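1. structure, please.
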Amino acid sequence: MEDVIDPGPIPYAAIELYGDPDLEHGLRHAGFEPDQTTYRLIDIPLKSINDAASMPWPRLGLDLANAIGDGAVLPPIVVMRNYKTWAVRHTWALLDGVNRTNAYVVLGRERIRAYEVLQD
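-> Numbers count the residues shown, from 1 in each chain. Take a look at the predicted model:
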(Lines give C-alpha, C1' and ligand atoms only; values in the text may rest on other atoms or scores of the structure.)
Protein backbone atom coordinates (compact mmCIF):
# COMPACT_ATOMS: atom_id res chain seq x y z
CA MET A 1 0.00 0.00 0.00
CA GLU A 2 1.06 3.60 -0.39
CA ASP A 3 2.52 5.82 2.30
CA VAL A 4 1.43 9.45 1.96
CA ILE A 5 4.26 11.99 2.10
CA ASP A 6 2.21 15.06 1.08
CA PRO A 7 -1.57 14.64 0.74
CA GLY A 8 -1.84 17.64 -1.58
CA PRO A 9 -3.48 18.78 -3.61
CA ILE A 10 -0.18 19.83 -5.17
CA PRO A 11 -0.72 21.90 -8.34
CA TYR A 12 1.05 20.88 -11.52
CA ALA A 13 3.17 24.05 -11.45
CA ALA A 14 4.59 23.01 -8.04
CA ILE A 15 5.82 19.49 -8.88
CA GLU A 16 9.47 18.82 -9.69
CA LEU A 17 8.56 17.69 -13.21
CA TYR A 18 6.61 20.84 -14.14
CA GLY A 19 6.89 21.46 -17.89
CA ASP A 20 8.46 18.08 -18.72
CA PRO A 21 7.34 17.22 -22.29
CA ASP A 22 7.29 13.45 -21.62
CA LEU A 23 5.03 13.93 -18.61
CA GLU A 24 2.75 16.29 -20.51
CA HIS A 25 2.47 13.76 -23.33
CA GLY A 26 1.63 10.99 -20.84
CA LEU A 27 -0.98 13.12 -19.10
CA ARG A 28 -2.66 14.09 -22.37
CA HIS A 29 -2.60 10.49 -23.56
CA ALA A 30 -4.42 9.52 -20.32
CA GLY A 31 -7.02 12.25 -20.93
CA PHE A 32 -5.70 14.99 -18.62
CA GLU A 33 -4.82 18.60 -19.36
CA PRO A 34 -1.49 19.09 -17.50
CA ASP A 35 -2.20 22.59 -16.13
CA GLN A 36 -5.49 21.34 -14.66
CA THR A 37 -3.96 18.39 -12.76
CA THR A 38 -3.20 18.15 -9.06
CA TYR A 39 -1.21 15.54 -7.18
CA ARG A 40 -0.27 14.03 -3.90
CA LEU A 41 3.22 12.74 -3.13
CA ILE A 42 3.34 9.09 -2.07
CA ASP A 43 5.77 6.24 -1.54
CA ILE A 44 4.69 2.99 -3.22
CA PRO A 45 5.97 -0.56 -3.65
CA LEU A 46 7.70 -1.04 -7.00
CA LYS A 47 5.88 -4.33 -7.51
CA SER A 48 2.55 -2.44 -7.48
CA ILE A 49 3.45 -0.57 -10.71
CA ASN A 50 2.10 -2.47 -13.71
CA ASP A 51 5.13 -1.86 -15.94
CA ALA A 52 7.62 -2.90 -13.24
CA ALA A 53 6.50 -6.53 -13.49
CA SER A 54 8.45 -6.94 -16.74
CA MET A 55 11.53 -4.99 -15.61
CA PRO A 56 14.50 -4.72 -15.66
CA TRP A 57 14.78 -3.71 -19.29
CA PRO A 58 18.47 -4.05 -20.24
CA ARG A 59 18.07 -1.76 -23.25
CA LEU A 60 17.57 1.19 -20.87
CA GLY A 61 21.13 0.78 -19.61
CA LEU A 62 22.58 1.38 -16.18
CA ASP A 63 23.28 5.13 -16.21
CA LEU A 64 20.42 6.08 -13.87
CA ALA A 65 20.99 3.09 -11.60
CA ASN A 66 24.65 4.07 -11.29
CA ALA A 67 23.70 7.70 -10.60
CA ILE A 68 21.29 6.64 -7.84
CA GLY A 69 23.96 4.32 -6.44
CA ASP A 70 26.32 7.31 -6.35
CA GLY A 71 23.78 9.31 -4.33
CA ALA A 72 21.73 11.15 -6.97
CA VAL A 73 18.17 11.95 -5.91
CA LEU A 74 15.81 11.75 -8.88
CA PRO A 75 12.38 13.35 -9.14
CA PRO A 76 9.40 11.17 -8.23
CA ILE A 77 7.72 9.19 -10.98
CA VAL A 78 4.11 9.99 -11.92
CA VAL A 79 1.35 7.40 -11.53
CA MET A 80 -2.38 7.11 -11.56
CA ARG A 81 -4.52 4.58 -9.76
CA ASN A 82 -5.36 1.63 -11.98
CA TYR A 83 -9.07 1.40 -11.18
CA LYS A 84 -9.61 -1.70 -13.33
CA THR A 85 -7.60 -3.80 -10.88
CA TRP A 86 -7.77 -1.70 -7.70
CA ALA A 87 -10.44 -3.81 -6.00
CA VAL A 88 -8.49 -7.02 -6.60
CA ARG A 89 -4.92 -5.79 -6.15
CA HIS A 90 -3.64 -2.29 -5.64
CA THR A 91 -1.82 -1.36 -8.85
CA TRP A 92 -0.58 1.82 -10.42
CA ALA A 93 -0.36 2.90 -14.05
CA LEU A 94 2.94 4.62 -14.85
CA LEU A 95 2.50 7.95 -16.65
CA ASP A 96 6.10 9.19 -16.44
CA GLY A 97 9.31 7.71 -15.14
CA VAL A 98 10.01 4.46 -16.97
CA ASN A 99 13.78 4.98 -16.78
CA ARG A 100 13.67 5.93 -13.09
CA THR A 101 11.46 2.95 -12.26
CA ASN A 102 13.74 0.60 -14.20
CA ALA A 103 16.77 1.96 -12.32
CA TYR A 104 15.14 1.23 -8.97
CA VAL A 105 14.28 -2.30 -10.13
CA VAL A 106 17.89 -2.85 -11.26
CA LEU A 107 19.07 -1.73 -7.81
CA GLY A 108 16.67 -4.12 -6.10
CA ARG A 109 14.80 -1.35 -4.32
CA GLU A 110 11.36 -2.16 -2.99
CA ARG A 111 9.76 1.30 -2.95
CA ILE A 112 9.75 4.52 -4.98
CA ARG A 113 8.41 8.05 -4.51
CA ALA A 114 5.62 9.02 -6.89
CA TYR A 115 3.26 11.85 -7.67
CA GLU A 116 -0.25 10.42 -7.91
CA VAL A 117 -2.59 12.28 -10.25
CA LEU A 118 -5.64 13.12 -8.18
CA GLN A 119 -8.77 12.18 -10.08
CA ASP A 120 -12.43 12.96 -9.48
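
2. and the residue nearest the centre of the chain, backbone torsions?
-> By Cα atoms, centre = their mean, the chain has its centre lying nearest to residue 77, at 2.7 Å. Geometry field for residue 77 lists phi and psi as phi -80, psi 180, criterion degrees, to the nearest 10.

3. wait, it touches residue 103, no?
-> No - applying Cβ atoms under 8 Å as the test, residue 77 and residue 103 come out as separate, 10.4 Å apart. Bear in mind the C-beta positions are built from the backbone N, C-alpha and C, glycine included.

4. what residues are up against residue 6?
-> Shown in contact with residue 6 (Cβ atoms under 8 Å, 6 or more residues apart in numbering): 40, 41.

5. just the element for it, please.
-> Taking DSSP states H and E as the criterion, residue 6 maps to strand 3-11.

6. beta-bridge partners for the closest residue to residue 32 other than its chain neighbours, please?
-> Closest residue to residue 32 apart from its sequence neighbours, by Cβ to Cβ, 6 or more residues apart in numbering: residue 117 at 6.5 Å. Counting by DSSP bridges, residue 117 is bridged to residue 39.

7. okay, residue 117: pLDDT?
-> Confidence at residue 117, expressed as pLDDT, is 97.

8. dump the residue contacts of it.
-> 27, 30, 32, 37, 38, 39, 78, 79, 80, 95.

9. okay, those in JSON lines with secondary structure and pLDDT next?
-> Formatted as JSON lines, those follow (DSSP: H, G, I helix; E, B strand; the rest coil; pLDDT from 0 to 100):
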{"residue": "27", "secondary structure": "helix", "pLDDT": "95"}
{"residue": "30", "secondary structure": "coil", "pLDDT": "91"}
{"residue": "32", "secondary structure": "coil", "pLDDT": "94"}
{"residue": "37", "secondary structure": "coil", "pLDDT": "97"}
{"residue": "38", "secondary structure": "strand", "pLDDT": "97"}
{"residue": "39", "secondary structure": "strand", "pLDDT": "98"}
{"residue": "78", "secondary structure": "strand", "pLDDT": "97"}
{"residue": "79", "secondary structure": "strand", "pLDDT": "96"}
{"residue": "80", "secondary structure": "strand", "pLDDT": "93"}
{"residue": "95", "secondary structure": "strand", "pLDDT": "94"}
